[in-house]
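Novice: Please work out how this folds:
(one chain, ligands or ions: 2)
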Amino acid sequence: MTETHLHGPVLILGTGLLGASVGLGLSRLGVDVLLSDPSPTAQAIAQDIGAGRILGGGEDDAAALQPQLVVVAAPPDVAAAVVADALRTYPEATVVDIASVKASILAALRQAADAGEIAPGDLSRYVGTHPMAGREKSGPAAARGELFTAMPWVVCAHADASPAAVRTAADLGADLGATVVRMDAAEHDAAVALVSHFPQIASSLLASRLMNAPAHALSLAGNGLRDTTRIAASDPRLWIQILSHNAPEVVKILHGLREDLNRLIATLEDPGADGALLDLAKLMEEGNAGQARIPGKHGSPPRAFAVVTVIVDDRPGQIARLLADVGEAGVNLEDLRMDHSSGHQVGMVELSVLPGRSEELTQYLSDRQWKVIQ
Ligand SMILES: NC(=O)C1=CN([C@@H]2O[C@H](COP(=O)(O)OP(=O)(O)OC[C@H]3O[C@@H](n4cnc5c(N)ncnc54)[C@H](O)[C@@H]3O)[C@@H](O)[C@H]2O)C=CC1
Ligand SMILES: O=C(O)C(=O)Cc1ccc(O)cc1
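Specialist: Ligands and ions are numbered 1, 2, ... in the order given. Modelled structure (predicted):
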């Protein structure tokens, strides 16, 4: 068993994509995890995939359980109420939530404390957190125990949080292999409006333009469109809640976007006007500058990888064989992507490697009869 900071038991309330992923990660480390969800199906699937055991059966009845930590992984709309209930039910436990917004949940809990719905002092056991990792899918069937590995896990310690509760919240992120980052709720909400909520909006807006696009146009779609619309497949029910809870921060960014759009429209309405092309160049360069600031994987500074592109036949076992050969070449794979064109019997696999290793890998794969595009 791997050494963990948490000793458990850990109770997870809400066993969808995130809750079941937390449960899977902790269970694999040997932590005792209990699961609860108003949806019997979500609970049962989470248990079946190994995320923990369902709370309520036999001796594990809610009243008898003394969890070290309760993780609220319910949607943002109900997160504060579920946290408040957990604080009342488990008077010794630290209670964290992992919702994508933080200030509105803290404000609702402060209101509950002021209204006497939770005991004075109970708020000290609550810490808001947010793992910056997820998928465009929902539900426990899409859960992954390694979802949080090397991803940021934001811990928002409010003024009344006890040091012990903050430590337990950070232990959760650390045990799941995440990088713990501390900031306050307002700072968090402004940051995620820019790096998570706005990208979702931009992707959804972009993809919505395709709704009535003619089939011949869509048949030309390449990676640019796929890259920029991946998250447009996200669950609308969750995103309605995220965006409405963080509306003031999101609106600030949208005002800036409106200014840029107005500027771009004016430029393109008269591309022959003095300075129009310079303005276009500036806009593209500003995009280059912003993109270059996005940190690379594991939070390291951005680094340009060399890409080795290999054509593979669309037959079972080809990718496994290719990856085995890359492994034998002794070259570390930094990233991998595949592209399939509809109606073709081949796919393209792009292998990202450190720039100094690409020639060696190209040679090794070519020697083993792989079709490497130069
Ligand atoms: N989807 C993502 O990529 C990420 C989501 N989050 C946050 O994680 C939380 C959960 O999101 P997902 O797992 O993606 O959604 P999901 O839809 O997969 O799961 C949510 C689960 O919460 C349950 N639930 C509903 N009401 C509940 C209640 N009163 N008590 C307990 N459980 C309840 C639902 O039955 C469902 O099983 C949300 O607050 C979301 O903002 C955070 C990071 C990433
Ligand atoms: O799919 C992706 O790339 C994401 O970034 C998912 C995501 C969705 C919501 C969050 O609060 C955090 C991460």
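Novice: who does residue 306 bridge with?
Specialist: For residue 306, the beta-bridge partners under DSSP bridges are residue 353.
Novice: I figured it was touching residue 354, is that so?
Specialist: Yes - Residue 306 lies in contact with residue 354 (CB atoms under 8 Å); the separation is 7.1 Å. C-betas here are computed from N, CA, C, even on glycine.
Novice: Name the residues of stretch 81-99 that are buried.
Specialist: 81-87, 89-90, 93-99 (16 or more other CB atoms under 10 Å).
Novice: in the stretch 201-350 of the chain, which segments are predicted with low confidence?
Specialist: Within the stretch 201-350 of the chain, the stretches with pLDDT under 70 are 297-304, 340-344.
Novice: Show me which residues of it sit near ligand 2.
Specialist: residue 231 (CB under 6 Å from any ligand atom).
Novice: And the helices in the stretch 201-350 of the chain?
Specialist: 215-218, 223-229, 236-245, 247-269, 276-292, 318-329 (DSSP state H, counting those that start in this stretch).
Novice: Identify, out of those, the most deeply packed stretch.
Specialist: Greatest average neighbour count among the helices of the stretch 201-350 of the chain goes to helix 236-245 (a mean of 17), per mean count of other CB atoms under 10 Å.
Novice: neighbouring contacts of it?
Specialist: Outside helix 236-245, the residues that touch it by CB atoms under 8 Å, 6 or more residues apart in numbering are 75-77, 100-101, 104-105, 138, 197, 200-201, 204, 250.
Novice: Quick one: work out the angle between it and helix 247-269.
Specialist: Orientation check (axes from the mean of the first three to the mean of the last three CA atoms, to 10 degrees): helix 236-245 against helix 247-269 gives 100 degrees.
Novice: Report the distance from helix 236-245 to the chain centre.
Specialist: Put simply, helix 236-245 sits 15 Å off its chain's centre (CA atoms, centre = their mean, to the nearest Å).
Novice: again, but for stretch 182-198
Specialist: On CA atoms, centre = their mean, the centre of stretch 182-198 falls 13 Å from the chain's centre.
Novice: Just tell me which of the helices of the stretch 201-350 of the chain ends up closest to residue 15.
Specialist: helix 236-245 (14.9 Å; CB to CB).
Novice: about what we covered before: near ligand 2, from the buried residues of stretch 81-99?
Specialist: Okay, of those, nothing touches ligand 2 (CB under 6 Å from any ligand atom).
Novice: Nearest residue to residue 166 in space, please, no chain neighbours.
Specialist: In this structure, residue 166 finds its nearest non-sequential neighbour in residue 157, 4.5 Å apart by CB to CB, 6 or more residues apart in numbering.
Novice: on that earlier part again, okay if I get the helices of the stretch 201-350 of the chain as JSON lines plus distance to ligand 1?
Specialist: Putting the helices of the stretch 201-350 of the chain into JSON lines (distance: least, CB to the nearest ligand atom, whole Å) gives the following:
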{"stretch": "helix 215-218", "distance to ligand 1": "26"}
{"stretch": "helix 223-229", "distance to ligand 1": "16"}
{"stretch": "helix 236-245", "distance to ligand 1": "6"}
{"stretch": "helix 247-269", "distance to ligand 1": "14"}
{"stretch": "helix 276-292", "distance to ligand 1": "22"}
{"stretch": "helix 318-329", "distance to ligand 1": "26"}
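Novice: Before I go, just wanted to say thanks for your time.
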